[in-house]
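> Got a predicted model here, sequence first, then my questions.
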Amino acid sequence: MLASVIWNVDPVAFSIGSLSVRWYGILWAVGIYICYLIEVKLYKNEQCPPDWTDKLFVYMVLGVIIGARLGHCWFYEWHEASALGLEPIQIFSWTIKYRNPYIEHPFELLKIWQGGLSSHGGAFGLIFAAWLLSKRHFHTGLVWIFDRLVIGVCITATCIRLGNLLNSEIYGNPTTMPWGFVFMRDPAVPLDAEGNPLPCHPTQIYEMLYCMVAFAVTWLLYWKAKAYKRNGLIFGVFLEIIFVTRFFLEFIKLDQEAFESSMTLNMGQWLSLPFIIWGVYLIVMSVRKPQISSQNTSTRQHLSNGKHA
């Protein structure tokens with residue numbers, strides 16, 4: 001057995017002059033495109049209007065990218081004022097020790113090429129985009145959209161975590177397991193007493209695996225069990241697989257930011273809890289409610305009422 005895996009992959013796929021194209025960006029694009037193809041197949045199966053998938057694509061891409069960026073900058077970019085060369089703020093008897101540079105320099109949010117995307121922020125962005133899409137075009141309800149969308153999202157998430165692996169980022173604590181990865185390109189990699197980089201849990205691979213499991217389960221629920229006839233069941237199962245696993249996996253991941261070191265549960269775990277609770281609620285309610293006889297009937301009704309335009 002190998003004592004560890006030496007990981008020294010160049011995150012840059014190719015360069016054109018001064019422009020560098022990273023594997024991470026390519027995998028984001030590939031994941032979104034595969035998700036789109038899956039949604040086309042599902043919507044065609046239910047005889048939805050042909051333009052629905054195009055609208056879905058635009059809303060979801062904007063929602064996930066904007067949400068992921070805002071989520072990272074708001075949830076994870078809090079630093080001690082001294083580390084930013086700033087003085088703590090005094091408000092009455094309170095001392096605000098942490099500062100967020102994006103609040104003071106909001107235009108820095110636009111520099112998405114510098115990195116910084118949050119999966120939880122992306123999830124919130126998708127929720128808002130789906131709500132807006134349903135309100136303005138589909139009139140099916142947010143959960144109806146997610147029962148179909150999350151099947152493709154599983155593949156997108158798998159691609160994103162592969163991108164994290166190629167970036168040598170968001171990995172786990174040091175480990176003695178034979179599949180531990182030594183992330184040579186990360187200057188912040190943990191070191192042993194002699195200054196040598198330590199092998200760490202490749203949590204990006206763990207997350208890729210549970211995303212693929214989520215895809216297999218939701219795919220089978222849709223096609224074999226016809227679970228789309230129980231509004232919220234597929235979405236609820238997806239939330240439990242993804243966020244329960246994410247919650248426990250955080251125990252072996254390195255903190256993304258220094259402020260998390262003093263927290264009993266880190267930021268990723270706190271952000272996972274609402275999704276876990278929501279998933280349980282959706283599963284219980286979908287089982288209690290009578291099965292929908294046919295989603296096609298619902299779709300045709302929206303068409304006849306002219307609500308899809």
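All right, it came through fine.

> check contacts around the spatially most central residue of the chain.
Centroid check for the chain by C-alpha atoms, centre = their mean gives Ser119 as the closest residue, at 2.9 Å. Counting by C-beta atoms under 8 Å, 6 or more residues apart in numbering, Ser119 touches Ala68, Ala157, Ile160. Where C-beta positions appear, they are placed from N, C-alpha and C, glycine not excepted.

> could you pull out the strands for the stretch 151-300 of the chain?
181-183 (DSSP state E, counting those that start in this stretch).

> remind me which residues of it are low pLDDT?
256-262, 293-300 (pLDDT under 70).

> re the thing from before, please produce a markdown table containing the contacts of Ser119, extended by distance to Pro290 and neighbour count.
Output for these, formatted as a markdown table (distance: C-beta to C-beta, whole Å; neighbours: other C-beta atoms under 10 Å):
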| residue | distance to Pro290 | neighbour count |
| --- | --- | --- |
| Ala68 | 37 | 24 |
| Ala157 | 32 | 24 |
| Ile160 | 37 | 25 |
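
> Quickly name whichever of those residues is closest to Phe243.
Within the contacts of Ser119, proximity to Phe243 (C-beta to C-beta) peaks at Ala157, which comes in at 11.6 Å.

> can you count the residues close to the nearest residue to that closest one once chain neighbours are set aside?
With C-beta to C-beta, 6 or more residues apart in numbering as the criterion, Ala157 has its nearest non-adjacent residue at 4.5 Å, and that residue is Cys211. Residues near Cys211, counting by other C-beta atoms under 10 Å, number 23.

> Assess the claim that Cys211 and Leu162 are in contact.
No - the criterion here is C-beta atoms under 8 Å, and Cys211 misses it with Leu162 at 9.8 Å.

> For Gly125, see how far away the closest residue to Leu282 other than its chain neighbours is.
Leaving aside its sequence neighbours, Leu282 sits nearest to Gly236 (C-beta to C-beta, 6+ apart; 3.2 Å). Counting by C-beta to C-beta, to the nearest Å, the gap from Gly236 to Gly125 is 20 Å.
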